[in-house]
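build me a model:
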Amino acid sequence: MEGGQASQGVPRESGPVRADLKGRTAGHAVIERLLQEQASVPGRTFLGRVFGASPLGSDSVSWYQGAVGEINVGRILERLGPEWTVLHAVPVGAGASDIDHVLIGPAGVFTLNTKNHTGQAVWVAGRTLMVAGKKQRHLYNAAHEASRAANLLSRKMGGPVPVTGVVVILAPKSLTIKASPEGAAVVTATRLLTWLAERPRVLGPGQVGMLTAAASQPQTWHRNPPAMTDPGLIRREFSALRTAVNKARTRRITWFLAVVIAAPWILSTLLRHF
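Residues are numbered from 1 along each chain as shown. Predicted coordinates for the structure are as follows:
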């Protein structure tokens, strides 16, 4: 994929679309928005490609980082056992909102809000979560997602369905829990499976099956479920863009190293002529 030239919007799947949410790929909704942003980004110039200019538009960077975070967490969740069901990018409400991941298993129901804070310090105490010293609304948003999910699932099931909200931090420089977070749990992506394994078992196989059947229906979550974009297309489009981004980064690093290595020789040559 070359800048915005490779994607002119995201075409819809021409064949049958799955009636449930199990076919959605991790980061599905974020990637759709990313590709929409990229569609208006002009292709890089020849020199831009040579020197490793990023194919991402300025408005695409945060969407790209979010997609990488959800995909990485999705890969971690693939290692959960068969007793777990994982739904990705669940459209919820009446608009374009979605829940990054919904988990249903022996330990209960969880909504995961993934945040890519690679290399940044995260600090948590009570209702406060800070990233690099700045307050964020991650705990509030995760608690709101869990509460909304509990209401929707309870309505569908005809009885109370507790849901735990989780903020999943991807590759932070550090995570300091000064006091237990309120409203939602906070865990790094690397500890996510261990954290889930430590939760007590509260649901039997039959209950998990019934909840999975209800949660897999788009109508459980959204008033007017949007048509699903072909997950295979989503993966291919993002893979092509990610390859272009990585190649550009490699070229920038190569040029930087070349300059660093050549600098002493260039300097000595100039000094000999003065």
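
the strands in the stretch 101-250 of the chain, which residues?
108-116, 121-125, 128-131, 134-136, 163-170, 174-179, 185-188 (DSSP state E, counting those that start in this stretch).

and of these, who's closest to S239?
strand 108-116 (17.9 Å; C-beta to C-beta). For glycine as for every other residue, the C-beta is placed from the backbone atoms N, C-alpha and C.

ok so, going back, okay, the strands of the stretch 101-250 of the chain in a markdown table with distance to E37 next?
Listed next are the strands of the stretch 101-250 of the chain as a markdown table, based on distance: least, C-beta to C-beta, whole Å:
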| stretch | distance to E37 |
| --- | --- |
| strand 108-116 | 17 |
| strand 121-125 | 27 |
| strand 128-131 | 23 |
| strand 134-136 | 22 |
| strand 163-170 | 21 |
| strand 174-179 | 30 |
| strand 185-188 | 28 |
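
let's have the ones you listed in TSV, adding mean neighbour count.
As requested, the strands of the stretch 101-250 of the chain are exported to TSV (neighbours: other C-beta atoms under 10 Å):
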stretch	mean neighbour count
strand 108-116	24
strand 121-125	18
strand 128-131	18
strand 134-136	12
strand 163-170	24
strand 174-179	12
strand 185-188	20
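
mean pLDDT and distance to R223 for those - can I get that in JSON lines?
Converted to JSON lines, those look like this (pLDDT from 0 to 100; distance: least, C-beta to C-beta, whole Å):
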{"stretch": "strand 108-116", "mean pLDDT": "96", "distance to R223": "18"}
{"stretch": "strand 121-125", "mean pLDDT": "98", "distance to R223": "34"}
{"stretch": "strand 128-131", "mean pLDDT": "97", "distance to R223": "30"}
{"stretch": "strand 134-136", "mean pLDDT": "97", "distance to R223": "29"}
{"stretch": "strand 163-170", "mean pLDDT": "97", "distance to R223": "19"}
{"stretch": "strand 174-179", "mean pLDDT": "96", "distance to R223": "36"}
{"stretch": "strand 185-188", "mean pLDDT": "97", "distance to R223": "29"}
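
of the ones you listed, which is nearest F51?
The nearest among those, by C-beta to C-beta, is strand 108-116 at 26.2 Å.

for the closest one, packing partners?
helix 61-77, strand 98-105, helix 138-157, strand 163-170 (3 or more C-beta pairs under 8 Å, 6 or more residues apart in numbering; DSSP states H and E).

helices along the stretch 151-274 of the chain, start to end?
192-197, 205-215, 218-221, 231-272 (DSSP state H, counting those that start in this stretch).

now do the third one: distance to the chain's middle.
Okay, so that is helix 218-221. 21 Å (C-alpha atoms, centre = their mean, to the nearest Å).
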